[in-house]
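> No letters, just coordinates:
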């Protein structure tokens, strides 16, 4: 003899108990004589308890639904489970399989396999562990049992036997720790003592003609189920066998079981049994329903013939055999009052709780990705339900510059769930960089390591799901002449590569430490209609600024006044800012906090823009209340901060018709002539001023009494009129 136990992890253990007690023991003993099974007739019938088996895919998918759709909604979620004939001796007996296919709107169908019975249930999702522990489980169990009892008392089960099988899962999902806890309720009727009248294998207890006729009829039932019920079958049928015609047919209603016996007719209750020994506990509700239906006062018992299908019947079956199925007869008495077994309990009468740690079976990279999304998606539960995180996640960001600003902007974009980040830089990591540039470490110094490469690798190391790329390249800049053939070829290749990168990305961040290196990306972002955000630092000031739409794409009605770019406040073209400069003028010398502040605002500005209909065309104004709004609030054009006065101001700058970067003439010339236009810009310092009309404008201005003041790169050069 073998005793089987249900282990906490759902694995059958034939050698020893794992402490769950008698409730989870296989409640039968089996004697093996060749291929026959004999029950010990000296004992009353026992039933194999039904046990849930919710697989990992179910909990992974439900966790996603909880985070993305349900959020704080704690209404019961309709689900279903399935049971079938045990596929092998080692399979879980009487298990109710609950897979992702049982969740709402999954529409997963399986081809082939063994016939399955669908059991409808509810998943009661709790939002806190305290609620999960304190919820009135008895009330929920009583309600579920009452549903089944009502189906019996009204007789509706006769036409819909599936209504006698229902379940409830009480669930708490800890999304942060990836842990699931659940209790399981499957109400079954407590029956009075019932003994087998007959029992044994069908081929031993039934005549061959009966078996053959039943097999033909069951095959018809299976085929019909495949066509009408997507491969699922009813849990139980009443089949009538005619001794004269040697034919069997399924009865349309269970009412016929109560009819007066007719010599040439015999009824068989046929059901799919997920157990391997004694009948599964699913039979208890059908026995109770049959007993409750005895209305004849002269008849207080009825003898019923059962066939417990144990043969592996494929869904696409050409031939059905029931030679390994069980045949037994039970004498069922009248049942007038119902008592129920509901929640699965341990042997010490405490509630059985299944705990699943999804971390043990999930890939670490998947866990990291889920954890990153978790905090963001929690925003949608209460705080900003309308925010579109998918558009942020899928946004492709190009970071021009991988220094202090580039590193910090990259980290902030990761915090917002951005998955696609590309770095451009041609600098190498020095010993002064790691303390100010958060993607570098001491080990990166002194080995000629390029910033762009190291930054992309570190982003990937921090978050493996990120898609990163790096390009070590120089940006062609006004005022930096191309004087050799090799330099000319390098400038052309760099221009073409920069344009290709801007075309394939959605947002461009200008984060370099010189004014002239921002010029070409600014014009290319205008040409290709990309979101473009600039951040620049002074000693104790910073500016974060979003560029406006291209001149021919701007609609004053939808977009308000056309917004300027980084260069719109200037009346001079960018030139070589490193020429004839001392060390403190060549380096970015700023208060350390400025970089973090400006970088954070860059990421926040992008997320806000992405969550508006007009994107980079969103209206702006000097007054925040007049700006277009995203779910996160108003969207200014410029954010300027001054640590010396602890002030942060939101401003708006209009486009300048003669701007050296976003004006119609510059954008059109580069769009049409490409590198042929760029070359004189690089070689002639005043070329941009000439073609935009600034040179002529300056000639017409009376410069007497006017001082031209050059200030640091966090602000534009401007004229101060005395």
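Right, received. Where do you want to start? Note that the structure is a prediction, hence the values are computed from the model and not measured.
> The helix or strand harbouring residue 269 pairs with which strands?
For residue 269, the host element (DSSP states H and E) is strand 265-272. Based on DSSP bridges, the pairing partners of strand 265-272 within the sheet are strand 236-242 (antiparallel), strand 301-309 (parallel).
> Quick check: what element follows the last one along the chain?
Spelled out, it's strand 301-309. The helix or strand immediately downstream of strand 301-309 is strand 326-333, counting by DSSP H and E.
> So which elements touch the next helix-or-strand element following that following strand?
With elements assigned by DSSP H and E, the helix or strand that comes after strand 326-333 is strand 340-343. Packing partners of strand 340-343 (3 or more Cβ pairs under 8 Å, 6 or more residues apart in numbering; DSSP states H and E): helix 137-153, strand 179-189. Backbone N, C-alpha and C define where each C-beta goes, glycine included.
> how about the next helix or strand after strand 340-343: buried residues?
Counting by DSSP H and E, the element after strand 340-343 in chain order, helix or strand, is strand 354-357. By 16 or more other Cβ atoms under 10 Å, the buried positions in strand 354-357 come out as 354, 356.
> Partner strands of strand 354-357, with direction?
strand 179-189 (antiparallel).
> Sort out which residues of the strand it pairs with are buried, please.
Buried, per 16+ other Cβ under 10 Å, within strand 179-189: 180-189.
> Relative to residue 459, which of those residues is nearest.
Using Cβ to Cβ, residue 180 is the member of the buried residues of strand 179-189 that lies nearest residue 459, at 31.4 Å.
> list the contacts for that closest one?
Neighbour list for residue 180: 59, 63, 171-174, 354-356, 358 [criterion: Cβ atoms under 8 Å, 6 or more residues apart in numbering].
> Residue 367 now?
Residues near residue 367 by Cβ under 8 Å, 6+ apart: 178, 359.
> which stretch of helix or strand covers it?
helix 364-379.
> and what of residue 526?
Using DSSP H and E, the element containing residue 526 is helix 519-527.
> which helices and strands does the next helix or strand after that helix pack with?
Helices and strands here follow DSSP H and E; after helix 519-527, the next one along the chain is strand 531-537. Judged by 3+ Cβ pairs under 8 Å, 6+ apart, strand 531-537 is in contact with helix 404-415, strand 507-510, helix 519-527, strand 541-546, helix 592-610.
> cutoff 7 Å now
Contacts defined by 3 or more Cβ pairs under 7 Å, 6 or more residues apart in numbering; DSSP states H and E place strand 531-537 against strand 507-510, strand 541-546, helix 592-610.
> mind listing what's buried in the last one?
What it means is helix 592-610. The neighbour-count criterion (16+ other Cβ under 10 Å) identifies 594-595, 597-610 as the buried residues of helix 592-610.
> Hmm, residue 287 is touching residue 191, no?
Yes: using Cβ atoms under 7 Å, residue 287 is in contact with residue 191, at 6.1 Å.
> Distance check, residue 602 against residue 366.
From residue 602 over to residue 366 the distance is 29 Å, taken as Cβ to Cβ, to the nearest Å.
> re the thing from before, can you spell out which helices and strands pack onto the helix holding residue 526?
helix 485-504, strand 507-510, helix 664-673.
> out of those, which comes closest to residue 438?
The closest of the helices and strands packed on helix 519-527 to residue 438 is strand 507-510. By Cβ to Cβ, the value is 15.5 Å.
> partners of that closest one in the sheet?
strand 396-400 (parallel), strand 531-537 (parallel).
> now those in JSON lines, with mean neighbour count and mean pLDDT?
As requested, these are exported to JSON lines (neighbours: other Cβ atoms under 10 Å; pLDDT from 0 to 100):
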{"stretch": "strand 396-400", "mean neighbour count": "25", "mean pLDDT": "98"}
{"stretch": "strand 531-537", "mean neighbour count": "26", "mean pLDDT": "96"}
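> I'd like these written out as TSV, with distance to residue 485 added.
Output for these, formatted as TSV (distance: least, Cβ to Cβ, whole Å):
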stretch	distance to residue 485
strand 396-400	26
strand 531-537	32
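> Mind checking the ones you listed for the one nearest to residue 498?
Per Cβ to Cβ, nearest to residue 498 of those: strand 396-400, 8.2 Å.
> Just to be sure, residue 131 is in a helix?
Yes: under DSSP: H, G, I helix; E, B strand; the rest coil, residue 131 sits within a helix.
> Okay, it and residue 76: tell me how far apart.
Plainly put, residue 131 is 14 Å away from residue 76 if you go by Cβ to Cβ.
> tell me the angle of the strand holding residue 269 relative to strand 326-333?
Going by axes from the mean of the first three to the mean of the last three Cα atoms, to 10 degrees, strand 265-272 is angled at 110 degrees with respect to strand 326-333.
> Buried residues, strand 265-272. List them.
Using 16+ other Cβ under 10 Å as the burial criterion, the residues of strand 265-272 that qualify are 266-272.
> Confidence-wise, which of the residues you listed comes last?
pLDDT across the buried residues of strand 265-272 is at its lowest for residue 272, which sits at 90.
> what is that one paired to in the beta sheet?
residue 309.
> Check residue 168 too.
residue 122, residue 185.
> Please compute how far the following helix or strand past the helix holding residue 367 lies from its chain's middle.
Sequence order places helix 389-393 as the next helix or strand after helix 364-379, per DSSP H and E. Distance of helix 389-393 from the chain centroid (Cα atoms, centre = their mean, to the nearest Å) equals 13 Å.
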